[in-house]
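In: Here's a sequence, model it:
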Amino acid sequence: MRQIVRLKFPGLWNSEYPLVVTRLIDIVSKHDLEALHLQGSYDRLAAFRPQLEKIEVQERAYSRSAKLSELDQQRDTLFNIIYVTTKAFQRAPIADTSAPAVTLQTFIEKHGPDMTFANYTAETERLYDFVADVERTPEAVQALETLSLRPLFDRMKELNKQFDTLFMERHQEQAETDKVDIRSIRNRCDKAISALWTAIEFCSTEYGEEPYMPLVNAINQFNGYYKQQLAARATRRKNKDVSTENPIEPFVATDK
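Out: Predicted structure coming up:
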């Protein structure tokens with residue numbers, strides 16, 4: 001009897017787990033499970049679909065949180081560069097730059113040089129106000145041009161809009177989705193997967209191997225792919241080459 005290649009599902013990231021298990025469920029569903037005496041085992045696994053979707057949504061929110069932090073750091077950096085550069089130009093004994101710097105500094109002081117220490121919502125609004133105030137004042141816009149700060153200002157404005165959009169998307173998604181115990185779901189789902197493997201191997205012994213070979217081959221191709229990807233990840237981690245670690249690419253079936 002050809003055994004099923006065992007994949008260690010705990011090795012998958014939470015962000016990868018729902019997609020991998022859902023695709024596994026889809027692969028198994030394409031076979032005649034009633035004839036193979038596997039409908040019950042399959043149904044117990046397929047029942048996890050709604051919970052897998054909740055994990056996916058929750059992990060997407062976590063991913064957005066990381067991206068929000070990145071965008072926040074970038075807009076903070078640009079604002080601080082503008083602030084520090086403006087102060088430096090004020091001290092320079094050159095009228096052509098010190099005067100524009102004083103003009104721009106007036107707007108920074110008005111909206112608060114400490115805005116980068118505010119919470120996400122407050123900083124976003126204060127940056128919107130700062131940008132709008134500068135842009136409707138020709139002297140301030142000219143000051144940006146004179147000090148060569150316009151590209152930084154425009155990029156900061158763009159980042160603030162990106163941050164605001166992503167923040168609202170995350171907020172909406174979190175409001176619509178209940179938090180779930182990912183560890184508990186994964187443990188129970190892993191047991192259902194293991195039980196399906198056992199059922200397939202038992203039935204292929206009990207009823208003959210040949211009818212089960214297409215299903216076993218499809219599962220082994222699927223599991224083999226992810227087992228290889230996880231092994232490669234483990235090697236990278238051992239070699240500490242994980243600075244740009246990306247999620248595992250989704251499995252694509254072949255005609256083998």
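
In: tell me which element the spatially most central residue of the chain is part of?
Out: What sits nearest the mean C-alpha location of the chain, by C-alpha atoms, centre = their mean, is residue 63, with 3.1 Å. Element membership for residue 63, per DSSP states H and E: helix 49-91.

In: Please parse this protein into its domains.
Out: Domain ranges of the chain: 9-47+180-238, 58-176, per automatic domain parsing.

In: Sort out which residues of stretch 123-130 are buried, please.
Out: For stretch 123-130, the neighbour count (16 or more other C-beta atoms under 10 Å) marks 123-124, 126-127, 130 as buried. For every residue, glycine as well, the C-beta is placed using N, CA and C.

In: Repeat that for stretch 179-192.
Out: For stretch 179-192, the neighbour count (16+ other C-beta under 10 Å) marks 180, 182, 185-186, 189-190, 192 as buried.

In: In this structure residue 174 contacts residue 64, no?
Out: No. At 9.3 Å, residue 174 does not count as touching residue 64 under the criterion of C-beta atoms under 8 Å.

In: and the closest residue to the residue nearest to the centre of the chain other than its chain neighbours, backbone torsions?
Out: The shortest distance from residue 63 to any non-neighbouring residue, by C-beta to C-beta, 6 or more residues apart in numbering, is to residue 15 (6.6 Å). Main-chain torsions, residue 15, degrees, to the nearest 10: phi -70, psi -20.

In: contacting residues for residue 15?
Out: By C-beta atoms under 8 Å, 6 or more residues apart in numbering, the contact set of residue 15 is 56, 59-60, 62-63, 247.

In: Filter those residues down to the buried ones and hand me the ChimeraX line.
Out: This is how ChimeraX selects the buried members of those, with burial counted by 16+ other C-beta under 10 Å:
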select :56,59,60
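
In: Turn the contacts of residue 15 into a markdown table, columns for pLDDT and distance to residue 169.
Out: Below are the contacts of residue 15 laid out as a markdown table (pLDDT from 0 to 100; distance: C-beta to C-beta, whole Å):
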| residue | pLDDT | distance to residue 169 |
| --- | --- | --- |
| 56 | 87 | 15 |
| 59 | 83 | 14 |
| 60 | 81 | 9 |
| 62 | 77 | 13 |
| 63 | 78 | 11 |
| 247 | 68 | 20 |
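
In: Closest to residue 75 out of the contacts of residue 15?
Out: The shortest approach to residue 75 among the contacts of residue 15 belongs to residue 63, at 19.0 Å (C-beta to C-beta).

In: what's the helix or strand that the helix holding residue 63 is followed by packed up against?
Out: Proceeding N to C from helix 49-91, the next assigned helix or strand is helix 95-111, under DSSP H and E. Judged by 3 or more C-beta pairs under 8 Å, 6 or more residues apart in numbering; DSSP states H and E, helix 95-111 is in contact with helix 49-91, helix 120-135, helix 138-146.

In: Compare the ones you listed and report which one is nearest to residue 162.
Out: For those, the distance to residue 162 is smallest for helix 49-91, at 5.8 Å, taking C-beta to C-beta.

In: Which other helices and strands does that closest one contact?
Out: Identification of packing neighbours for helix 49-91 by 3+ C-beta pairs under 8 Å, 6+ apart yields helix 17-29, helix 95-111, helix 120-135, helix 150-176, helix 182-207.

In: Any buried residues in the second one, and which?
Out: Taking 16+ other C-beta under 10 Å as the neighbour-count basis, helix 95-111 is seen to contain the buried residues 97, 100-101, 103-105, 107-108, 111.

In: Return the residues in contact with residue 155.
Out: Residues near residue 155 by C-beta under 8 Å, 6+ apart: residue 78.

In: residue contacts, the closest residue to residue 135 other than its chain neighbours?
Out: Leaving aside its sequence neighbours, residue 135 sits nearest to residue 141 (C-beta to C-beta, 6+ apart; 6.4 Å). By C-beta under 8 Å, 6+ apart, the contact list for residue 141 reads 134-135, 150.
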